[in-house]
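Participant: Make a model of this:
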Amino acid sequence: MTTELPGVGQPPRRRLRTGTLVTALTATFALLCCGGGSAAFFLTNLGGERDNLVSNEMTCEQDHKVDVTGDMPRMSDYGDSQLRNAAIIIKVGQEMKVPPRGWVIAVGTAMQESALRNLANSTVRGSRDIPNEGVGRDHDSVGLFQQRAGWGSVTERMTPSYAARKFYEKLLQVDGWEQLSLTRAAQKVQISAYPDAYAKHEDTAAKIVNALAKGAARTVQIADKAVCDRASAKTIAASGWTAPVPGGVGSGFRTRSRPRHNGVDIAARKGTPIHAAASGRVLVARCDPDHNGRRDCDVDGYPNKGGCGWFVDILHAGGYLTRYCHMVQKPLVVPGQEVKAGEMIGRVGSSGNSSGPHLHFEVHRDRDRSSAGAIDPVPWMRQRGAPLDGSA
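Facilitator: The predicted model follows:
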C-alpha cells in the first residue's frame, strides 16, 4: 500500500474544529494533483470561501498614521486600553521612521510580555505616583515590554512611549531584523528565557497593526516608501509574508471543474526559484510517490505520473502551513531546517501529476496537512500583502 501526501485534490473530509491538531507526519490520505491538459495555465474563477480569519481586516491605504486618542477598533481578545498601548507603540515607530515590519514585531513582543498592558511590579503597584494596569510576573520587570533596570528608571520604563523607543533602538541594531521571524527578532532584543513564546503572536500582531494603521502590515518597503500589496520573492511584507514566485494564478482553489484542487497553480518557467512564503520550520522535503508507488520525481509527470513530485511543507507561526509542489529537482531544504521568509527552497518544475512547469501552492491552518485544513490561498495571501497574482 502506498503512503501518499494528504490534502492535495482529495474530497474534503469533515472540517476539524478550530484548534484541533492533526499529527502531520503520519497522516495517510489519497493524492491527486494538478493534472489535466493545460488546465494549470488558463485563468479561472477562483472557488472556495474567503478565509474568515482575514475577511474583515482593514484595506491597505497610503496614509498609515495611527490615532492614539480616537476610538479603538473592537477586537475579541484586546480591550480599549490595550489597543491604545499598541497604537502608542506604532506611533513611536512612525516617529523613529522604523518600517512597518518593526511595528508588527514590537506589538507582538508586547503582546507576549504584558498582553499590551502597562504592568508594574509589586513595589510600584503600591505607589500612587506611577499609573499602571496590573502587576507582572517578574519582580524587577515593568512596563509594556517588561524591561528590567538596565533599560531606564522605573518611571521611564512605565512610560509606554519610552519603553517602545528603547525596544526599537535595540531592534534596529539587529542585523537583518526585517527578514527574521517575529520570535527571532524579539528574542534578539529581549533575551527571554522562553525564546519561542513570541511566535504565536505574529499573525494577530499583524492584524492589530492593520486595524490601527490602515493596513500597514500589508506593505513592503520600496524606495523608502511603504507600498501596499507588493511582496514577492525576496521582498517581505510587514506581515512577514511574501509570494513564493512571481506570476499569475491559473487553476484556482476548488473550482467547479476541479473541486478537489486544494491549492492554486502559479505559472512560471522551469527553474524559476521558489521562495519560502514566510519564516518557519520545514516539515517535509521529499519525492511524493506516484499512483503506482514509484518515486521517480526527476522525470516530468503527466499523464504517466501522480502525486506532488518533489515537494516541501513548511510550518509557520500561528499553526499555518504552506506546501510547494512539482519542483524540478530535490528541494534545497531538509526536514527540521529553519528557513527565513523569502529564502530559496527549490525551483519550479513539472514533477508528479503536472501538465507543465508551474508551482502548485497551498495554505493550511491548524497545523492540518490534510484537505480539511486547506484554505483558499489567494485572498489569504493578499490580506498579508503578498498577492499571488502579482497585482498591486
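
Participant: Run through who's touching stretch 61-77.
Facilitator: Contacts with stretch 61-77, where a contact means Cβ atoms under 8 Å, 6 or more residues apart in numbering, come from 80, 83-84, 87-88, 90-91, 94, 100, 204, 207-208, 211-216, 219, 226, 228. Placement of C-beta: from N, CA and C, glycine included.

Participant: try stretch 212-224
Facilitator: With Cβ under 8 Å, 6+ apart, stretch 212-224 has contacts from 57-61, 63-66, 72-73, 83, 86-87, 90, 94, 99-101, 103-104, 178, 206-207, 209-210, 226-231, 235-239, 383-385.

Participant: make it 7 Å
Facilitator: If you take Cβ atoms under 7 Å, 6 or more residues apart in numbering as the criterion, stretch 212-224 is touched by 58-61, 63-64, 66, 83, 86-87, 90, 99-100, 103-104, 206, 209-210, 226-231, 235-239, 384-385.

Participant: Mind giving me the ChimeraX select for the residues you listed, buried ones only?
Facilitator: Only the buried entries of the contacts of stretch 212-224 go into this ChimeraX selection, using 16 or more other Cβ atoms under 10 Å:
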select :58,60,64,66,83,86,87,90,99,100,103,104,206,209,210,226,227,228,229,230,231,235,236,237,238,239,384,385
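
Participant: Tell me which of the contacts of stretch 212-224 fall in helices.
Facilitator: 83, 86-87, 90, 100, 103-104, 206, 209-210 (DSSP state H).

Participant: now for those residues, which pair is the farthest apart?
Facilitator: Spatial extent of the ones in helices among the contacts of stretch 212-224 (Cβ to Cβ) is set by the pair 83 and 100 at 16.9 Å.

Participant: Am I right that residue 234 is in contact with residue 342?
Facilitator: Yes. Shown here, residue 234 and residue 342 form a contact pair, counting by Cβ atoms under 7 Å, at 4.3 Å.

Participant: And the strands in the stretch 201-350 of the chain, which stretches?
Facilitator: Here the stretch 201-350 of the chain has its strands, by DSSP state E, counting those that start in this stretch, at 219-222, 225-228, 264-267, 273-275, 280-287, 310-316, 321-327, 338-339, 344-347.

Participant: Please dump the ones in helices among the contacts of stretch 212-224 into CSV; it should also carry pLDDT and distance to residue 154 for every row.
Facilitator: Formatted as CSV, the ones in helices among the contacts of stretch 212-224 follow (pLDDT from 0 to 100; distance: Cβ to Cβ, whole Å):
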residue, pLDDT, distance to residue 154
83, 97, 25
86, 98, 22
87, 98, 23
90, 98, 24
100, 97, 31
103, 98, 26
104, 98, 28
206, 95, 31
209, 97, 28
210, 96, 33
